[in-house]
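# Need the 3D shape of this:
(one chain, ligands or ions: 1)
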Amino acid sequence: MQVVAVTIAQALTEAYRTIDRLDARMLLQHVLNVDHAFLLTYPDQVLVPQQIEDFSRLVKRRIDGIPIAYLTGERAFYDLTFKVTEAVLIPRPETELLIELALERIPVGQPLKVLDLGTGSGAIAITLAKHRPQIQVVAVDVSADALAVSRWNAKNLQVDNLSWVMGSWFDELSAQKFDLIISNPPYVAENDPHLRQGDLRFEPQIALSAGSDGVACIRHIIEIAPKYLVSGGWLLLEHGYDQADECRQLLQHVDFSNICSYPDLAGIMRVSGGQMNVSS
Ligand code: GLN
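Next up, the predicted model:
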C-alpha cells in the first residue's frame, strides 16, 4: 500500500473545502497540540497517520454541526481556559460583562460571599474566585454532570475558595446571606427558532431555554434573591437582547434599588441588576 504523506498545509487546504477556516485551524491545533504560530511556521510538517485520522474525524463531526468547543473540549473565557462537555453551556464572550460588573463590586481584599446560580462549567464562579482569592463563592447547579465539570475546572485552575451545591436555584441552599448573587440563567423562549439552529442545537436545553417568554428563571431568581442578600448586596443577571426592560420592572417590583442595565460589547443591553435595601 502506498502511504501518502499529508502536510499541515495540505490537511488545512482539504478541510477548508468543507468547514470554516478558523474552525479547521482550531481543530488541527488541537490534534497537534500546537498554537497558530506553529501552523504558520511549519506548513510542510508531515502528520503521522493517527493525527490524520483524528483530524478527519473531527472535521466530519464539525460538518455534522457539533460545536468547536465540544470537539476540542475547551473554551477560553475572560483570562482562563475552561473544560467544556455536552453537559454545559459553552461560555460566551458576552458573559464577560457579568465578570466585569461583579469585579467592580468586589473590592480587592474584602472577604465577601458570592453566589453563582446555574454555574455550568463554572466559568463565572471560578473566574471571580480566581481574581478575588479572599472571597468565598458558592456555585449551584441542578445537573450533577455540570457540577463535575465545574469541579474539574476549579481543580485544574487551582481555585479552592469555592464550594458547590447541587439543586435548582435556591432550593438546596441553607439559610445564609450573600454580598453578591450572579447568574447567567437560561433565557431563550422555548419556541425560539434559534434553539434549533447552529451550536445551540447541541447545547443542554436546560441551560438555554426557560418558559414560553424566556424569563421564567429570571423572574424566579429575582423573587427569591432578596431572602439571600445582605443589605446593600447586589443581584446581577445576564438576559436576552430584548429582556432588559422586563428585568428592571421585575427588580423594581421586589424593591431593589440602583436598578440598571448594562450593554455588552455589541451594544446590546445584556445584564441588569440592582442593590438590596438601599435608597437610590
Ligand atoms: N446567550 C446565549 C445564546 O443566545 C443564551 C445563554 C443563556 O440562555 N443563558 O446563545
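
# how about the helices of the stretch 101-250 of the chain, start to end?
123-131, 144-156, 205-208, 216-224, 244-253 (DSSP state H, counting those that start in this stretch).

# Present these as JSON lines; the columns should include mean neighbour count.
In this view, the C-beta of every residue, glycine as well, is placed from N, C-alpha and C. Converted to JSON lines, these look like this (neighbours: other Cβ atoms under 10 Å):
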{"stretch": "helix 123-131", "mean neighbour count": "25"}
{"stretch": "helix 144-156", "mean neighbour count": "18"}
{"stretch": "helix 205-208", "mean neighbour count": "17"}
{"stretch": "helix 216-224", "mean neighbour count": "19"}
{"stretch": "helix 244-253", "mean neighbour count": "17"}
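
# So for residue 67, what's the pLDDT?
Note for residue 67: predicted pLDDT of 98.

# That one: neighbour count?
Neighbour count of residue 67, defined by other Cβ atoms under 10 Å: 20.

# In contact with residue 251: list those residues for me.
Contacts for residue 251 were tallied using Cβ atoms under 8 Å, 6 or more residues apart in numbering; they are 222, 235, 259, 272-274.

# worst average pLDDT in the helices of the stretch 101-250 of the chain?
For the helices of the stretch 101-250 of the chain, where the average pLDDT is lowest is helix 205-208, sitting at a mean of 94.

# show me what contacts the closest residue to residue 42 other than its chain neighbours?
Counting by Cβ to Cβ, 6 or more residues apart in numbering, residue 42 lies nearest to residue 8, which is 6.2 Å off, once chain neighbours are set aside. Neighbouring residues of residue 8 by Cβ under 8 Å, 6+ apart: 28, 32, 39, 42-45, 47.

# Please repeat the previous calculation with a cut-off of 6 Å.
Contact partners of residue 8, counting by Cβ atoms under 6 Å, 6 or more residues apart in numbering, are 39, 43, 45.

# In CSV, list the contacts of residue 251 along with distance to the ligand.
Listed next are the contacts of residue 251 as CSV, based on distance: Cβ to the nearest ligand atom, whole Å:
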residue, distance to the ligand
222, 15
235, 16
259, 20
272, 13
273, 15
274, 19
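
# Buried members of those into PyMOL, please.
Below is the selection syntax for PyMOL that covers the buried ones among the contacts of residue 251, with 16 or more other Cβ atoms under 10 Å defining burial:
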select buried, resi 222+235+259+272+273+274
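
# In strands only, show me the contacts of residue 251.
Under the assignment DSSP state E, these contribute 235, 259, 272-274 to strands.

# Test my guess that residue 71 contacts residue 59.
No: with contact defined as Cβ atoms under 6 Å, residue 71 does not reach residue 59; the gap is 9.3 Å.

# Which one of these two is surrounded by more residues?
Using other Cβ under 10 Å, the more surrounded residue of residue 71 and residue 59 is residue 59, with 21 against 18.

# my guess is the more buried one is in a strand, correct?
No: counting by DSSP: H, G, I helix; E, B strand; the rest coil, residue 59 falls outside a strand, being helix.

# interface residues of this structure facing the ligand?
92, 184, 186-188, 200, 208 (Cβ under 6 Å from any ligand atom).

# Can you tell me which of those are buried?
In those, burial by neighbour count holds for 184, 186-188, 200, 208, counting by 16+ other Cβ under 10 Å.

# Now the two most distant members of those.
Pairwise distances across these (Cβ to Cβ) peak at 14.5 Å, for the pair 184 and 200.

# now residue 275: how far from residue 251?
In this view, residue 275 and residue 251 are 10 Å apart by Cβ to Cβ, to the nearest Å.

# Then residue 165?
With the distance defined as Cβ to Cβ, residue 165 ends up 24 Å from residue 251.

# just residue 147 next, same as before
Using Cβ to Cβ, residue 147 is found at 28 Å from residue 251.

# On the pLDDT front, check residue 181 for me.
pLDDT, residue 181: 98.

# nope, residue 279 is what I was after
Residue 279 is assigned a pLDDT of 61 by the prediction.

# do residue 158 as well
The score at residue 158 is 98. That number is its pLDDT.

# measure residue 154 to residue 125 for me?
Relative to residue 125, residue 154 is positioned 8 Å away (Cβ to Cβ).

# Any chance you could list what contacts the worst-scoring helix or strand of the chain on mean pLDDT?
Within the chain, no helix or strand scores below helix 205-208, which has a mean of 94 by mean pLDDT, DSSP states H and E. Residues from elsewhere that reach helix 205-208 (Cβ under 6 Å, 6+ apart): 89, 120, 186, 188.
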